[in-house]
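In: sequence first, predicted coordinates after that:
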Amino acid sequence: MQKRLDVFLCSAMEPYPELWAFCKKLLILSHGQATVERGFSINKEVESDNLKEDTVVTRRLVCDYIIQHGGVTQVPLSKQLLASVARARTRYRIHLETNRKNKEAKDQALKRKEAEDCLQELKFDVKNQRMFLRRTKYSDIHQEDLFVGSRINVFSRQLNLIEYGDQYTANNLSSKKERTLALIKPDMITKIGDVLELIYSSNLMVTKAKMTKLTRSQAADFYVEHQSKPLFNNLVQFVSSGPVVAMELMGAEALSIWRRLLGPADSAVEQGEVPQSIRAQCGTDGIKNVCHGSDSLAAAARELEFFFPSTIGQSVPNTATFIDCTCCIIKPHAVSEGITGNILNSISAAGFEISALQMFSMERANAEEFYEVYKGIVSEYPNMVTELCSGPCLVLEITGANVTKTFREFCGPADPEVAQHLRPNTLRALYGKDKVKNAVHCTDLPEDGVLEVGDTCSQCTARDTTPTSSSMCSAIHLTDGYSHRLRFNTITTTFIWKLKKITPSTDA
């Protein structure tokens, strides 16, 4: 019966300690100290690829060699023997290295095949049995739109980017997609637009946003790191005294840029040291200092999880009242262009009160249902649906007496070209491009105001703006969707993304 050499030496040869010690020394020369020590330990645990020898052949060769020289103590340790052992050890190392390289090559080939299969699956429409996508230039998507958690539309297919397709892409893009939390405090809530304008002008993106009202307990949990400081109680009381707006900012060095825009924590100190910072211009002291920014990447991760948790259903609620309200949706093209702050400033300057705010991405089925009243009536209906689910949008609840009528008039005609001639100071005249990309949607009928706010807010509650990689990976197993890898070319390199397909619809 053939056994492993180390098992044989540790059991059958135990009565012969001198022979055992000699064989152990030979094995150390050929296999290395650490491997042999593991093999000769009490539990005899060794790696499966190490010390695997034909015991019968090895026993015969060793015993014949020892008998030939008259015993263990008589075996000459000649240069020839040592050289032979050294060559054996070298061959063994080469064998291990070859096995390692072969395994890596096999794994890489398997990954390439998987990526090609996933790409082919993305390109082929299984439902309609036809080719959907070939290698082509798609001008509606830009590199800044591609980050983990974003949603994109490729020829009316809504796709979720759930993680990087390979380590190369992760290394090249993750540093450019740093995330941090920005929290607008109650004393700055009427100047949200100014803060957003400053953020976008600093080459940062807002990927998540929510207006909420913290309880004292929630505020204490959020500021738990400041619990030992004298200002803790006053800070908790102030932050829970009114609505706040939490935002996830993303960009290269997002944390340091946002901290630099804020300035020192004490607004009184800032006015002398950094007069151009937000806190110096709008803050009062170390508590009423306009905004909060994460201190570190670890703190940013914890604080973002507090306001935008990866677990569905555990998020802090929004501030929607559903009373005397109308719905306004800042469309994805306006969010992408970075004019959200300008639109919010125009709304506030016109005297409208924003009572709730949240950013989210709408799935195509929900967009079709939301615009269903226009189906068959407005020729732009398919394109309106595509625009609404093409990226993140910002939904607002605006409250006031007779607010539906007055706000609809403030938005202006649906066609921006008409609005520029008839009502040049309206939102669509100022920020719209055409009938589809006309900056904002607003409620048409007074009785629909609460319904539209409720519809959009329910989607916000069920799902935050951009789900995390872990939550989206879970969703793949819970739904009929499937993963894809999509390659896209830039000037310098090729990146691979892993995607989730949302809907199979091919409507224009």
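Out: It's in.
In: around residue 151, count how many other residues there are.
Out: Burial of residue 151 is recorded as 24 neighbouring residues (other Cβ atoms under 10 Å). All C-beta atoms are positioned from the backbone trio N, CA, C, and that covers glycine.
In: residue 109 too?
Out: Neighbours of residue 109 (other Cβ under 10 Å): 10.
In: what strand or helix carries it?
Out: Taking DSSP states H and E as the definition, one finds residue 109 inside helix 79-123.
In: now residue 168
Out: helix 167-173.
In: and that helix, what's buried?
Out: 169-170, 173 (16 or more other Cβ atoms under 10 Å).
In: for it, what is the average pLDDT?
Out: Here helix 167-173 scores 77 as its mean pLDDT.
In: stretch 358-372 too?
Out: 89.
In: what residues of it count as buried?
Out: For stretch 358-372, by 16+ other Cβ under 10 Å, it's 358-364, 366-368, 370-371.
In: show the contacting residues for the residue nearest to residue 387 when sequence neighbours are not counted.
Out: Excluding its sequence neighbours, the residue lying closest to residue 387 (Cβ to Cβ, 6 or more residues apart in numbering) is residue 436, at 5.1 Å. Contacts were defined as Cβ atoms under 8 Å, 6 or more residues apart in numbering; by that measure residue 436 touches 380, 383-384, 387.
In: just send the buried residues of stretch 358-372 back as JSON lines, with secondary structure and distance to residue 352 too.
Out: Below are those laid out as JSON lines (DSSP: H, G, I helix; E, B strand; the rest coil; distance: Cβ to Cβ, whole Å):
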{"residue": "358", "secondary structure": "strand", "distance to residue 352": "17"}
{"residue": "359", "secondary structure": "strand", "distance to residue 352": "19"}
{"residue": "360", "secondary structure": "strand", "distance to residue 352": "21"}
{"residue": "361", "secondary structure": "strand", "distance to residue 352": "25"}
{"residue": "362", "secondary structure": "coil", "distance to residue 352": "23"}
{"residue": "363", "secondary structure": "coil", "distance to residue 352": "28"}
{"residue": "364", "secondary structure": "helix", "distance to residue 352": "30"}
{"residue": "366", "secondary structure": "helix", "distance to residue 352": "25"}
{"residue": "367", "secondary structure": "helix", "distance to residue 352": "25"}
{"residue": "368", "secondary structure": "helix", "distance to residue 352": "29"}
{"residue": "370", "secondary structure": "helix", "distance to residue 352": "22"}
{"residue": "371", "secondary structure": "coil", "distance to residue 352": "23"}
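In: assumed the residue nearest to residue 387 was part of a helix.
Out: No: checked against DSSP: H, G, I helix; E, B strand; the rest coil, residue 436 lies outside a helix; its state is coil.
In: would you list the phi and psi of it?
Out: Backbone torsions of residue 436, given as degrees, to the nearest 10, read phi -90, psi -50.
In: same question for residue 378.
Out: phi -100, psi 120.
In: and the residue nearest to residue 387, how far is that from residue 91?
Out: The span separating residue 436 from residue 91 equals 70 Å under the rule Cβ to Cβ, to the nearest Å.
In: quick one on the thing from earlier: which one among the buried residues of stretch 358-372 gets closest to residue 158?
Out: residue 364 (5.2 Å; Cβ to Cβ).
In: now that closest one: how far from residue 293?
Out: 36 Å.
In: report how many residues lie close to residue 276.
Out: Residues near residue 276, counting by other Cβ under 10 Å: 9.
In: check whether it sits in a helix, strand or coil.
Out: Strictly by three-state DSSP, residue 276 counts as coil.
In: for it, list the residues it contacts.
Out: Applying Cβ under 8 Å, 6+ apart, no residues contact residue 276.
In: again with residue 401
Out: Taking Cβ under 8 Å, 6+ apart as the definition, contacts of residue 401 comprise residue 324.
In: quick one: low-confidence ranges for this protein?
Out: Residues of the chain that meet the criterion pLDDT under 70 lie in 1-21, 24-78, 80-82, 84-85, 115-135, 175, 266-275, 283, 455-508.
In: for it, just list every one of the strands.
Out: 124-125, 130-131, 151-154, 157-164, 178-184, 205-212, 244-251, 291-293, 325-330, 353-361, 392-399, 440-442, 483-489, 494-501 (DSSP state E).
In: would you turn the ones you listed into a markdown table with distance to residue 230?
Out: Listed next are these as a markdown table, based on distance: least, Cβ to Cβ, whole Å:
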| stretch | distance to residue 230 |
| --- | --- |
| strand 124-125 | 64 |
| strand 130-131 | 67 |
| strand 151-154 | 45 |
| strand 157-164 | 43 |
| strand 178-184 | 21 |
| strand 205-212 | 27 |
| strand 244-251 | 22 |
| strand 291-293 | 18 |
| strand 325-330 | 41 |
| strand 353-361 | 33 |
| strand 392-399 | 37 |
| strand 440-442 | 45 |
| strand 483-489 | 51 |
| strand 494-501 | 48 |
